[in-house]
Structures are given as C-alpha cells and as structure tokens.
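Q: with the sequence up front, the predicted model follows.
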Amino acid sequence: MQERKQGRRSAEAAEQTKCDILHAAADMFAEQGFERVSLRNISDKAGVSHSLIRHHFGSKEQIWQAISDGMDDFMQRYIAAILEYLPESYTSAQRVYHFLSYMSAFTLVHPRPIQFIADAVRQDDDALLRYFLRSKDEFSAAFSSLFDEYNRDNPEKPVDMWEMKWQMLQTVHAATSLRPMMAETWPECEGDHDKLLLKHWSLYNRIIAIQLDISADEMIKVDSLDSLLFDVPCHV
C-alpha cells in the first residue's frame with residue numbers, strides 16, 4: 001500500500017514538473033519567439049535541470065508541440081462552451097454575432113494563441129505553422145453550421161466564414177503587435193490596458209454588428225471583457 005502511495009505521489013510530481021515546464025516555455029515562446037528561446041532558458045525559468053527537460057520532452061520543438069496540442073484542446077473546448085451557451089431563441093445573425101464577440105474577447109484577453117501563430121509565420125521553416133494549423137478543418141467544422149444557418153436565412157446578404165475569421169484575427173493581432181498605438185487612439189485610457197482592450201473590442205464589435213444587421217439595442221455592452229469570458233479549465 002505504501003509503495004502504491006509513493007508511486008502515485010511520484011507520478012503526480014512528474015506531471016506537475018511537466019506542467020511547470022510547459023507554463024514557463026509557453027510564456028517565453030509567446031513573449032520572445034521560438035528562435036530566441038533555448039532549453040537552458042526554459043530550465044532556468046521553470047526551475048528545473050536541463051537534463052530533466054530533455055527527459056520529459058526531448059527537444060525544444062517537442063515542448064512547443066506539446067503546448068500547441070494543449071492550446072488546440074483548450075480552444076476546441078472553449079468553442080464548444082460558447083456554442084452550448086448560445087440560446088436557441090437567438091436569430092442566426094445574433095448567434096454568429098455573439099460567437100464572434102465572445103471569441104474576440106477571449107483572444108484579446110488571452111493573446112497567446114495569436115502570438116504563437118504570428119511567431120510560427122515568421123519562421124523560415126513552415127513546420128511550426130503547419131503543426132499549429134493541422135486541425136483547422138476540425139475547428140471550422142465546429143462552428144461552420146452557424147454561418148451556414150445565417151446564409152440560409154439571409155441569402156440577400158451572405159457572409160464568408162473565412163473572411164470573418166480573418167477579420168477577427170487581424171483585429172486581435174493588431175492589439176498585440178501594435179499595442180502602443182492603442183494609447184494613441186484612445187489617450188483617455190492610456191496606462192489602463194484593460195480599458196484599451198475594451199475600446200479595441202468595442203470597435204470590432206460595432207463593425208460586425210453592422211455587417212450582420214444587429215441593432216444597437218441588440219449589441220453587447222459591457223464594462224469589462226472579463227464578463228464575456230467562459231469558465232473552461234486550461235490544462236497548460
């Protein structure tokens with residue numbers, strides 16, 4: 001019995017160590033980019049030995065892939081949570097509008113996925129980008145029915161799912177890559193990043209509301225983007 005308990009504690013400790021390594025590496029990859037981060041950097045930040053990292057993951061690429069896998073799993077569960085929340089009483093336009101509003105709020109507050117995509121695009125070798133995008137068809141299948149339903153209901157004003165996704169990616173990436181410019185645009189919020197993100201999201205929110213003929217009364221109005229986030233456990 002004692003041996004089983006010790007074995008269980010050892011396994012739990014190993015999983016916690018792996019989790020600590022992934023958290024440290026994810027922060028560094030997002031902030032500095034894949035090329036500028038070394039296994040030694042990760043071991044220093046995680047507070048573990050270089051050899052232990054190699055024992056658990058083998059290489060920097062495998063750590064990056066493990067983080068990408070974790071993001072993939074989380075985002076699929078997050079999308080599912082949004083879709084489950086959307087009331088059946090909503091029109092198809094309202095459902096698409098709310099889905100995009102919730103997704104954009106999450107990616108603005110938690111920009112790590114868009115930072116990973118942007119960094120993968122910058123690599124000379126497209127292996128990271130291909131790995132990150134390997135499940136794009138599975139992702140699109142999860143919410144494509146929203147856009148199909150909207151287009152059936154609004155044949156006179158159809159929307160393209162991929163164009164709207166691209167529009168959202170541009171919006172989110174701008175908040176990360178051009179962050180200082182937000183304070184130039186909304187100087188009254190300078191020094192308060194949360195308020196700047198809310199202003200940035202509100203601009204996007206108005207644009208998609210116009211595209212989908214969402215009235216001013218139907219538009220989402222919040223004082224904080226945190227109120228638009230869903231409680232989905234994150235494993236990385």
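A: Cool, got the structure. The structure displayed is predicted, hence computed values, not measured ones.
Q: average pLDDT across the strand or helix carrying residue 25?
A: Using DSSP states H and E, residue 25 sits in helix 2-32. Taken as a whole, helix 2-32 carries a mean pLDDT of 75.
Q: please identify the helix or strand for the residue nearest to residue 118 when sequence neighbours are not counted.
A: Excluding the flanking residues, the one nearest residue 118 by Cβ to Cβ, 6 or more residues apart in numbering is residue 173, at 6.2 Å. (C-beta placed from N, C-alpha, C; glycine too.) Element membership for residue 173 (DSSP H and E) is helix 161-177.
Q: for residue 128, same thing?
A: Per DSSP H and E: helix 127-132 holds residue 128.
Q: tell me the contacts of residue 223?
A: residue 198 (Cβ atoms under 8 Å, 6 or more residues apart in numbering).
Q: 6 Å instead, please
A: Contacts for residue 223 were tallied using Cβ atoms under 6 Å, 6 or more residues apart in numbering; there are none.
Q: same question, the one 5 residues further on
A: Taking Cβ under 6 Å, 6+ apart, we find residue 228 in contact with 102, 105.
Q: now do the helix holding residue 128: which elements does it pack against?
A: helix 112-122 (3 or more Cβ pairs under 6 Å, 6 or more residues apart in numbering; DSSP states H and E).
Q: quick check: buried residues in the helix it packs on?
A: 112, 113, 114, 115, 116, 117, 118, 119, 120 (16 or more other Cβ atoms under 10 Å).
Q: and for stretch 158-169?
A: Of the residues in stretch 158-169, 159, 161, 164, 165, 167, 168, 169 count as buried by neighbour count, 16+ other Cβ under 10 Å.
Q: leaving out sequence neighbours, find the closest residue to residue 204.
A: residue 171 (4.6 Å).
Q: what is the neighbour count of that neighbour?
A: By other Cβ atoms under 10 Å, the residues close to residue 171 number 21.
Q: was I right to think it contacts residue 205?
A: No. The criterion here is Cβ atoms under 6 Å, and residue 171 misses it with residue 205 at 9.8 Å.
Q: all set now, cheers.
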